[in-house]
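*Asks:* dropping the sequence and predicted coords here.
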Amino acid sequence: MAERPDSGRARAGAKAWAAGVDAARRRVGLVLPDEVETLLSRLRKLAGEWALAEVAPGRLFPWLAVSFGVGIVLYFSADREPALWAVLPLAVFAVVAAVLVHRSAFGFPLALAFAALTTGFAVATLNTARLAHPVLRIPAASVALRGFVEVREERERTDRIVVHIDRLDGRVRGEIPERVRIAVRKDTAPAVGSFVSLKARLSPPLAPLRPGGYDFARDMYFLGLGASGYALGAFRIETPPVAPNLGLRFAAAIDGMREKIDKRIRAIIPGDEGAIASALITGKRDAITPPVSDAFYVSSLAHVLAISGYHMAVIAGIAFFFIRGLLALIPSLASRYQIKKWAAAGALAAASFYLVLSGAGVATQRSFVMIAIVLLGVMVDRRALTFRTLTIATFAVLLLAPQAIAQPSFQMSFAATLALIAGYQYALPWRPNTDSTLATRAALWGGNEVAALIYASLIAGLATTPYAAYHFHRLAPYGVLANLLAMPVVSVWVMPMGILGVLTLPLGFDALFWRLMGAGIDWMIHVVLWVAHLPGAAGRIHAFGTGPLLLATAALVVMCLLRTPLRWSGAALAVVATFWAVLTPRPDVLIANDGQAAAMRGNDGRLSVLRSGRDGFSVKEWLAADGDRRDFRDATLNRDVACDAFGCIGHLKDGRLVSMVLSPAAFAEDCARAAVVVSPRPAPPDCAALSVDRKIWRENGAIALRLVGDRFEETVARPPGYARPWAPETQASAANTLPVRPAARDATPRPEDLEPGD
C-alpha cells in the first residue's frame, strides 16, 4: 500500500514464499506427476512476475484509499456504536506496527493496509462523536417552536426549511432536537437567515421502509437533523433575540445569490427547461417535475443534473482558456510572465466559486478536489497523476464526511471516475490520427469524438450499474444511446451558454444566453423522454443485499487498479456478484415500520397490498424494490384482497391467509384461521397465528417474512440489540422478536374471504 522501491527484497520474498510452499507440500507427502509439477512451477513463476509488477513503485498507493474506505464500511455495519477508548488505541497500534515492519517485503504492505483500515474506522467513529446531537424518539403532535432558518428547499408540492431551534414549547418526550426539517406550503418558505415562529407536528427520523432499505434516519443524523415534520398553519417572521453567527450570514448570502440566479433563469425559461438550467448552474434540482426527472434516471442521464466532474471540468476549462487567451493578447505580459500559471489560478478561483454556488454536494467535492490538484500541478510545474489524484480526492472527501461512503452519489461518482481513468489508461481503443490532409483529420476528429463518447458512456455505465441497481432498482439499457444524443449538445451548447449567462447577468445582457441554453435543454428533454419510452427502457430489477454490491465493488477495484492479467480475476467476481444479486429471494410478506401498511405475494408472484397506510410511501418503495412498475395507486394491487370494516384479508401463493386486523373484534376469527396476522393494534397473547402487532413493529421496525418450507423466515430492519446514534436502542429483548411458528396450518381461505372489498 505504499511505494516499495526495493524490488529485489520483494523478489527474494516471493522466492522464499514459493520455497516454503514446496517444503510444506513435501512434509505432508503430496507428490504430483512431473508434468503437473512443471505446470505449477511455470504458473508460480508467472504469478510471481505479475505480483512484482503490481507492487511496483506507485502502484499500491491507491489501495490505501480502498483500505481506508473498507474501515468506514465496517464502522457502518456494526450493530452497536464502537467505543472510542477501544477504537483509537487500535488505530495507533496498527500505525506503529506498520512503521516497525517497514523492512518486510510482505509484512509492510499488509500492515499498512490494516493501519489504513483501522484509521478509517477510527475517523468514522470520531466524526459521529463530533456530530452527536439529540434525536426525537416519540412523535410530538403539536409543538410551538422558533429559530433561525438554515436551509430552504423547493419541492414539487411543498417547500422545506431546516430550523435551528432556539425555543420549543410542547410535550416532547426525551431530549429536544437541535435542528428540525419542516415542510411548509408551496412558495412560502422564508429566506435563509430568517427567524421564524410556528407550530408543527414532529416525527422521529424515518427508519428504513423495508429490511435492507435506505436508512433515512442515518442521513438525517449526519445532516444534524433530529426530527422532521410539517407546519400547522402559517408561520411568523420575528426579530431574532441574538444576531445570526458568521456561518449563517454566509449561508444566507450564498442562498440569496442562488435564489436570484434561480428566479432570473426561470423567469426567462419556463417549465422544466428553466428548472434544469437552474439545476446546472445553482444545484437546485427539486423543481424538476417527476416525469422528466424519472426519465433522466431511466435514460442514464441523471448525472447531467448532479453537478460533478463534467460540469466542474467545463467551468475550469473555459475559465483557464479564456483567461490565458486574454493575457496572451498583451505581449508584455505573455513574453515576461508565466501566464499559464495565472490562468490556472483564475480557473481554480472559478471552480471554487462554482463549488459554493452549486451547494457543494459529494460529487461536486470530489470533482473540485481533482480539478484543484490538476490546476495546482500546473502552477508548480508538476504533472497530475490520475489514480493518485483520485486517491487524494477520496481521502479528502472521506476525511471530511465519512458517511458519504454510504450515499449513492459518492459510490456512483467515484466508480465512474475510477473506471474512466482505468479505461483510458489501459484500454484506449483508438489512437490519434497523423494524416496530413486537413479534411481527413477533421473527419477523423469527429469520428474519434463519437467513439470517445460511446466508450466513456459504456465504461461509466457499466461501472455505475451495480449501484443504480442497488439503490434505485433500475438498469439503463439505452444509456449509451441517450448519452450519444444528448451529451454533445450539453458540452458545446448548454454549459457554455449557461456560463455566458452568469457572466453577463450583472450587466443585464443575460436573457439571450438563457434562452439559447433553454433551447439546448429542450433537445435534451426530448431525448430522455424518447429513450424512456423505448421498449424495456425502465430496466427494473428486484432488490438485493449489500453482499452482491460489495462483491461487485471489489470486482471493479480489482479490474481498475491491477495492471497485469491478474485484473481479470475481477471479471470472475463480477459474474458471481451478478448471479448472487439476481438469485436473491424476494419476501412473501412485508410490514411497514408503523404497522399501517402491509403487502403479500399472491398467486401471480406479484405483491398485493392489504393496506397502504396514510400516504402509500412504504408501498411505493416496496414496489420499486420488487422490480414492479405498477403505481402504488394501481387498482390491481388490491385484486386478491377482500376488506371490510374490521380489516383486510388475502391469500399467499400456497393458499394460506394473511390478515390485516383493524378492529379488536377481528382478532378471534383471524388468529384462528390466518397464517399471519398484522395489526397496528396489540394482538391477544393467545393468538395462534404468527402475529406482527404494535409491540413487534415498534421494536423491530419494518419486517419482511419469507416462506421457507413450512415456516416463515423473518428479517427485521432494526434487530434486537441494534443501537446507533441515529437509531437509539429501544426496550427490545428476545421476547419482542417474532415468534417462529409453523406455517403449515389450517389457513385455507373460504370463498367469502376473497370477495372484492370496498
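*Replies:* Thanks, I have the structure now. On a predicted model such as this, the values are computed, not experimentally measured, just so you know.
*Asks:* count of residues packed around residue 359?
*Replies:* Neighbour count for residue 359, taken as other Cβ atoms under 10 Å: 16. Backbone N, C-alpha and C define where each C-beta goes, glycine included.
*Asks:* confidence score at it?
*Replies:* Residue 359 is assigned 72 on the pLDDT scale.
*Asks:* strands of the stretch 51-200 of the chain, start to end?
*Replies:* Per DSSP state E, counting those that start in this stretch, the stretch 51-200 of the chain carries strands over the ranges 140-154, 158-169, 179-185, 195-203.
*Asks:* what packs against the third one?
*Replies:* Which is strand 179-185. Contacts defined by 3 or more Cβ pairs under 8 Å, 6 or more residues apart in numbering; DSSP states H and E place strand 179-185 against strand 140-154, strand 158-169, strand 195-203, strand 227-231.
*Asks:* to residue 705, which of those lies closest?
*Replies:* Evaluated with Cβ to Cβ, those place strand 195-203 nearest to residue 705, the distance being 25.8 Å.
*Asks:* list the buried ones in the closest one?
*Replies:* Judged by neighbour count using 16 or more other Cβ atoms under 10 Å, the buried positions of strand 195-203 are 195-196, 198, 200-203.
*Asks:* quick revisit: just put the helices and strands packed on strand 179-185 in TSV and tack on mean pLDDT and distance to residue 179.
*Replies:* Below are the helices and strands packed on strand 179-185 laid out as TSV (pLDDT from 0 to 100; distance: least, Cβ to Cβ, whole Å):
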stretch	mean pLDDT	distance to residue 179
strand 140-154	89	7
strand 158-169	90	5
strand 195-203	93	12
strand 227-231	92	9
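*Asks:* who touches residue 262 in this structure?
*Replies:* With contacts defined as Cβ atoms under 8 Å, 6 or more residues apart in numbering, residue 262 is in contact with 278, 282, 284.
*Asks:* re earlier: columns distance to residue 71 on top of the strands of the stretch 51-200 of the chain, output as TSV?
*Replies:* Compiled in TSV, the strands of the stretch 51-200 of the chain are given as follows (distance: least, Cβ to Cβ, whole Å):
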stretch	distance to residue 71
strand 140-154	30
strand 158-169	30
strand 179-185	28
strand 195-203	33
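*Asks:* right, and those strands - which one's nearest residue 512?
*Replies:* strand 140-154 (25.9 Å).
*Asks:* OK, contacts around residue 127?
*Replies:* 401-403.
*Asks:* and these, which of them are in helices?
*Replies:* When DSSP state H is applied, these are split such that none fall in helices.
*Asks:* follow-up on the earlier one: who wins on neighbours among the contacts of residue 262?
*Replies:* Of those, with other Cβ under 10 Å as the count, residue 278 tops at 27 neighbours.
*Asks:* next, that residue: secondary structure please.
*Replies:* helix (DSSP: H, G, I helix; E, B strand; the rest coil).
*Asks:* can I see the domain layout of this protein?
*Replies:* 7-130, 140-244, 546-582, 589-754 (automatic domain parsing).
*Asks:* just the mean pLDDT for the shortest one, thanks.
*Replies:* If you average the pLDDT over domain 546-582, you get 92.
*Asks:* off-centre distance for that domain?
*Replies:* 19 Å (Cα atoms, centre = their mean, to the nearest Å).
*Asks:* now the end-to-end length of that domain.
*Replies:* This stretch, domain 546-582, spans 13 Å end to end (Cα to Cα, to the nearest Å).
*Asks:* for residue 521, find the nearest of the domains of the chain.
*Replies:* Comparing the domains of the chain by Cβ to Cβ, domain 140-244 comes nearest, at 18.3 Å.
*Asks:* find the centremost residue of this structure, please.
*Replies:* Most central residue of the chain, judged by C-alpha distance to the mean C-alpha position with Cα atoms, centre = their mean, is residue 408 at 1.3 Å.
*Asks:* list the contacts for it?
*Replies:* 467-468, 471-472.
*Asks:* between those, which is nearest residue 169?
*Replies:* Nearest member of the contacts of residue 408 to residue 169, counting by Cβ to Cβ, is residue 471, at 39.3 Å.
*Asks:* need the contact list for the closest one.
*Replies:* For residue 471, the contact set (Cβ under 8 Å, 6+ apart) comprises 214, 408, 411.
*Asks:* can you pull the contacts of the last one?
*Replies:* Looking back up the chat, that one is residue 411. Residue 411 neighbours (Cβ under 8 Å, 6+ apart): 405, 467, 471, 553.
*Asks:* can the domains of the chain go into JSON lines with extra columns for distance to residue 368?
*Replies:* Output for these, formatted as JSON lines (distance: least, Cβ to Cβ, whole Å):
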{"stretch": "domain 7-130", "distance to residue 368": "17"}
{"stretch": "domain 140-244", "distance to residue 368": "20"}
{"stretch": "domain 546-582", "distance to residue 368": "22"}
{"stretch": "domain 589-754", "distance to residue 368": "28"}
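*Asks:* relative to residue 509, which of the ones you listed is closest?
*Replies:* domain 140-244 (27.0 Å).
*Asks:* same question for whatever helix or strand residue 669 lives in, mean pLDDT?
*Replies:* Per DSSP states H and E, residue 669 falls inside helix 667-673. When pLDDT is averaged along helix 667-673, the result is 88.
*Asks:* how far does the very next helix or strand once past that helix sit from its chain's centre?
*Replies:* Per DSSP H and E, the first helix or strand lying C-terminal to helix 667-673 is strand 676-678. Centre-to-centre, strand 676-678 and its host chain are 34 Å apart (Cα atoms, centre = their mean).
*Asks:* now swap in stretch 327-340 and tell me
*Replies:* With Cα atoms, centre = their mean, you get 45 Å for stretch 327-340.
*Asks:* with stretch 576-586 instead?
*Replies:* On Cα atoms, centre = their mean, the centre of stretch 576-586 falls 20 Å from the chain's centre.
*Asks:* report the buried residues of it.
*Replies:* 577-578, 580-581, 586.
*Asks:* next one: stretch 379-396
*Replies:* By 16+ other Cβ under 10 Å, the buried positions in stretch 379-396 come out as 384-387, 389-396.
*Asks:* with that, I have no additional questions.
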